[in-house]
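S.K.: Mind looking at a prediction? Sequence and model below.
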Amino acid sequence: MIDRTIIPKISKINHVDYQKPVEYIADNGNKVFGFYSKNAPVIKLDIIFNAGVLFQSTALQAVFANSLIKEAPKGKNPDEISEFFDYHGSYIESFISPETAGLRLFVPSKYYKDVIDTFLDFINNPDLPKDEFEILQKKYYEAIKNNLMKTQYVAMKGLDHEIFGSQHPLGYILNPDDAKNIEYPKIKKFVRDYYRLNNCDLIISGDYTLDMIDVLVKNFKKGKKGSEKTSFSEHLNLSTVSGKMQKLRIYEFKDAVQSGLCAGLDLGKPTTEEGLVLNVLNMVFGGYFGSKLMKNIREDKGFTYGIGSVIRETGDKVLLKIISEVGVDVTKKAIDEIYYEMDMLSKKTISEDELEAVKSYMIGEILSSVDGVIPCSMVFEKLHSQQRDLSYITKQIDTINNITPEILMHTAKKFFNSDKLSFVVAGKV
């Protein structure tokens, strides 16, 4: 019987075993990355295009294209396609980010050969049904109208507006008429320009065979050999577009009970090593439930149910974002406490116990993120879009294990300049 009075031995984790992908090269130079496991009798197949929001020339163009392309290939209707994949225990989802977009297929290994040609037909012979486009217009018209009544949504979009400016695809604040006015031919053009076999990579994970890889590689023959992948939308030089980053921007909601509260800080261009340290610093600041922002503003002050901070790499920017909802009567106090916690990181080292808790949490998150072939492929997908490989995980672990309170304070002094923090409030101050 286990003696539960004895504390289990704690071991420091210095290394994480993660599966590296096998690379298969198609005739046109495109890559298929494979994560194999005989213990996962399912296939996850991702087709990832350079077709994210940053590539669009008009509002909602990339989003509509990404949604419509999975409705049906030519010669099929959406209901038939839905029934076909349901019958084979399969599921298709579309995904989109600022940089990338694509389609993801989940299918039992035994049905892979039955569905793969139809799945690839979404790309080879896209249809973009006109009636589904019109339904999507109505759906987004109502969704945008409703979102503009939500303080949290307005604050988050308002912060992006401050950071990127109204001329940037990420800084433009949508209005309902954008959904009503978007032109169907522009959606079709976007699909033609960006959803091409010479503008994508594939990631396959699970219990796949070499025959399955051959099917994918042969499809790439339809892509022009040697042609380059697309870059960000040519109509706009994104590196020259930026917002004003005001100290405080208020979108007033007279009847609001809670204020949507968002803050942003442009961190400049940290090196890879500095970026890894910043990830730990952010975790201390507001990255998990035991962070300084949570302990102060939620637990001690009771201003909010939750508050958090994240570091995002978007385009050519590295940003710190703080997101919360607070009572309208304590909005100003919450802002003051955010300033206080940010400034204290530059003035006082955190305790060893606090840092050890953060280290344990972060290592645990890394371990769970690569626990299995499909989660590992998801991590790889994210890193690959950032032009990194899985060795980045080893660098993360080394940084976490070797970091000290002094290093964190030094990094906070360099990057956490509260004077440049931009706040957006949707509600009342």
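M.R.: All right, it came through fine. On a predicted model such as this, the values are computed, not experimentally measured, just so you know.
S.K.: Excluding sequence neighbours, find me the nearest residue to residue 424.
M.R.: Taking Cβ to Cβ, 6 or more residues apart in numbering, and ignoring the residues beside it in sequence, residue 424 has residue 158 as its nearest neighbour in space, at 4.1 Å. For glycine as for every other residue, the C-beta is placed from the backbone atoms N, C-alpha and C.
S.K.: And the strands in this protein, which stretches?
M.R.: Taking DSSP state E as the test, the strands found in the chain are 22-25, 31-36, 42-49, 91-96, 101-108, 200-206, 248-252, 258-266, 304-314, 317-327, 422-427.
S.K.: tell me the contacts of the residue nearest to residue 424?
M.R.: For residue 158, the contact set (Cβ atoms under 8 Å, 6 or more residues apart in numbering) comprises 173, 249, 251, 262, 424, 426.
S.K.: Now do the fifth one: how many residues are near it, please.
M.R.: Residue 424 is surrounded by 24 other residues when neighbours are defined as other Cβ atoms under 10 Å.
S.K.: which residues does it bridge with?
M.R.: Beta-bridge pairing of residue 424, defined through DSSP bridges, involves residue 249, residue 262.
S.K.: quick one: pLDDT of it?
M.R.: With respect to pLDDT, residue 424 has a value of 97.
S.K.: shaky segments in the stretch 101-250 of the chain?
M.R.: Per-residue confidence for the stretch 101-250 of the chain (pLDDT under 70) gives these ranges: 221-241.
S.K.: circling back: now tabulate the strands of the chain in CSV and tack on distance to residue 214.
M.R.: Formatted as CSV, the strands of the chain follow (distance: least, Cβ to Cβ, whole Å):
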stretch, distance to residue 214
strand 22-25, 9
strand 31-36, 10
strand 42-49, 14
strand 91-96, 22
strand 101-108, 17
strand 200-206, 12
strand 248-252, 55
strand 258-266, 47
strand 304-314, 35
strand 317-327, 41
strand 422-427, 52
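S.K.: And the residue nearest to the spatial centre of the chain, what's its pLDDT?
M.R.: The chain has residue 97 as the residue nearest its centroid, 5.9 Å off, counting by Cα atoms, centre = their mean. Reading off the confidence values, residue 97 has pLDDT 93.
S.K.: Tell me who's in contact with it.
M.R.: For residue 97, the set of contacting residues under the criterion of Cβ under 8 Å, 6+ apart consists of 52, 53, 385.
S.K.: Show me these that map onto helices.
M.R.: The helices, defined by DSSP state H, take in residue 385 from these.
S.K.: Highest neighbour count among the contacts of residue 97?
M.R.: Neighbour counts for the contacts of residue 97 were taken using other Cβ under 10 Å; the highest belongs to residue 52, with 25 neighbours.
S.K.: how about that residue, phi and psi?
M.R.: phi -80, psi -170 (degrees, to the nearest 10).
S.K.: what's around the nearest residue to it once chain neighbours are set aside, how many residues?
M.R.: Once flanking residues are discounted, residue 52 sits nearest to residue 99: 4.5 Å by Cβ to Cβ, 6+ apart. A count of neighbours around residue 99, defined by other Cβ under 10 Å, yields 19.
S.K.: One more: residue 346?
M.R.: Here the neighbour count serves as a burial measure; for residue 346 (other Cβ under 10 Å) it reads 17.
S.K.: so who does it touch?
M.R.: Applying Cβ under 8 Å, 6+ apart, one finds that residue 346 lies in contact with 409, 412, 413, 416.
S.K.: Next, count neighbours for the spatially closest residue to residue 177 that is not a sequence neighbour.
M.R.: The shortest distance from residue 177 to any residue that is not its chain neighbour, by Cβ to Cβ, 6+ apart, is 8.0 Å, and that residue is residue 141. One way to gauge burial is a neighbour count; for residue 141, by other Cβ under 10 Å, it gives 17.
S.K.: Same check on residue 142?
M.R.: Residues lying near residue 142 (other Cβ under 10 Å) number 12.
S.K.: gap between it and residue 179?
M.R.: When Cβ to Cβ, to the nearest Å is applied, the distance between residue 142 and residue 179 equals 9 Å.
S.K.: Residue 145 too?
M.R.: 9 Å.
S.K.: got it, and residue 243?
M.R.: The spacing between residue 243 and residue 179, counted by Cβ to Cβ, is 24 Å.
S.K.: One more: residue 58?
M.R.: From residue 58 to residue 179 the distance is 12 Å (Cβ to Cβ).
S.K.: Residue 364 too?
M.R.: Noted for residue 364: a distance of 42 Å to residue 179, by Cβ to Cβ.
S.K.: Counting neighbours around each, name which of these two comes out higher.
M.R.: More neighbours surround residue 179 than the other of residue 364 and residue 179, with 22 against 11 (other Cβ under 10 Å).
S.K.: Would you check that the more buried one makes contact with residue 60?
M.R.: Yes - between residue 179 and residue 60 a contact is recorded at 6.3 Å, counting by Cβ atoms under 8 Å.
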